[in-house]
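Peer 1: based on what follows, work out the 3D shape:
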Amino acid sequence: LIHEIAQEHPEIAQALVDRRQLTSGHTKTLVKRLRFEIQEIGDEPGWQDYWQGGGYTPDYSGIRKKLETLLEAGYADEVLTLGRELVDTGLRQVEESHDEGETGMEVAACMPVIVKALDQSALDPVEKLSWALDAHLEDQFEVCEAFAEYLQRRHPTSAWSALADRLLARLKDMKPSNAEHGFSSRFERDRLGDWAIHALDRASRRDESIMLCKSETKKTGNYERLVRLLISDRQYAEAERWIQEGIRTIKNKWPGIAAGLRKTGCLMRRLPLGGNGGRR
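Peer 2: Numbering: from 1, shown residues only. Presented below is the predicted three-dimensional model:
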């Protein structure tokens, strides 16, 4: 009966072959074929014609199920290797697609499996954090949000500290980005800076995160981030000083942001006294 069903449904026959290979420990063929399938399904961009009702959305459900099976069999490192292929191929496909996010949703549905593989892999803690952060930073389409969630979990303080050092080095190597540079350049630097600050905080290096935020503000003009950080640290007088400096510096170029700083200042002055230095 099983043979008859397998003959009528090729996907069932292939699933049986996959399970036999897993139980026998022969995974190279399966991994190679999965890599080929990822590349094949990623070759054709998704599209939708909402006027005529036609379209195409790649179906990643088969890939996801096979990755889950491979992970359940204890091959986390192999799944993670395929995950790198999936992230690269999926992000490229989403960028080339012409739809309302259907392709991105299909790719994103596979990411929780990759996160589980990352967690179970043989990588050391800092490498796991770096892997997740690199995938998240490459993503411009909210496909890899599962990795952002992973980075919000608890991880060893030593791993956060090592990641912070790596991110500080990357910021140092980046070309300076200030108000004269384009939005994309400032956005990229600010995004990396956000995660450096996050890593420093998780590593209990709060003083360094504030120092970094101040130095980055001079380079990107992101006064809002610094003011939020100072207020959360209850350094109200220092926050007030940076609000006033920010308004003077950016009011002509970014009047909307300057208005936001004024509003933040007004709200801050209603806070109770306390913290480092009180308030003005």
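Peer 1: please count neighbours and contacts with C-alpha atoms only from this point.
Peer 2: Will do.
Peer 1: report how many residues lie close to the closest residue to Asp139 other than its chain neighbours.
Peer 2: What sits nearest to Asp139 in space, not counting adjacent residues and going by C-alpha to C-alpha, 6 or more residues apart in numbering, is Leu91, at 6.8 Å. Counted with other C-alpha atoms under 10 Å, residues neighbouring Leu91 total 24.
Peer 1: element containing Leu91?
Peer 2: helix 76-96 (DSSP states H and E).
Peer 1: now the very next helix or strand once past that helix: buried residues?
Peer 2: Later in the chain than helix 76-96, the nearest helix or strand by DSSP H and E is helix 102-108. Going by neighbour count (16 or more other C-alpha atoms under 10 Å), the buried part of helix 102-108 is 102-108.
Peer 1: show me which of those is closest to Leu192.
Peer 2: Ala108 (21.9 Å; C-alpha to C-alpha).
Peer 1: correct me, but that closest one touches Val143?
Peer 2: Yes - counting by C-alpha atoms under 8 Å, Val143 is a contact partner of Ala108 at 4.7 Å.
Peer 1: okay if I get the buried residues of helix 102-108 as TSV plus pLDDT and distance to Glu240?
Peer 2: Below are the buried residues of helix 102-108 laid out as TSV (pLDDT from 0 to 100; distance: C-alpha to C-alpha, whole Å):
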residue	pLDDT	distance to Glu240
Glu102	96	45
Thr103	97	46
Gly104	97	42
Met105	97	43
Glu106	97	46
Val107	98	44
Ala108	98	42
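Peer 1: distance of Ala6 from Ala15?
Peer 2: Distance, Ala6 to Ala15, using C-alpha to C-alpha, to the nearest Å: 9 Å.
Peer 1: same deal with Glu106?
Peer 2: From Glu106 to Ala15 the distance is 21 Å (C-alpha to C-alpha).
Peer 1: which residues belonging to stretch 226-239 are considered buried?
Peer 2: 226-227, 229-231, 234-239.
Peer 1: one more: stretch 203-223?
Peer 2: Buried residues in stretch 203-223, counted by 16+ other C-alpha under 10 Å: 203, 205-206, 209-210, 212-214, 216-217, 219-223.
Peer 1: which of these fall in helices?
Peer 2: The helices, defined by DSSP state H, take in 206, 209-210, 212-214, 216-217, 219-220, 223 from those.
Peer 1: neighbours of Gln244, how many?
Peer 2: By other C-alpha under 10 Å, the residues close to Gln244 number 15.
Peer 1: ugh, typo on my part, it should be Lys66
Peer 2: When neighbours are defined as other C-alpha under 10 Å, Lys66 has 18 of them.
Peer 1: touching the helix or strand hosting it from outside, list them.
Peer 2: If you go by DSSP H and E, Lys66 is part of helix 61-72. Here helix 61-72 makes contact (C-alpha atoms under 8 Å, 6 or more residues apart in numbering) with 22, 34, 37-38, 76, 79, 106, 109-110, 113, 117.
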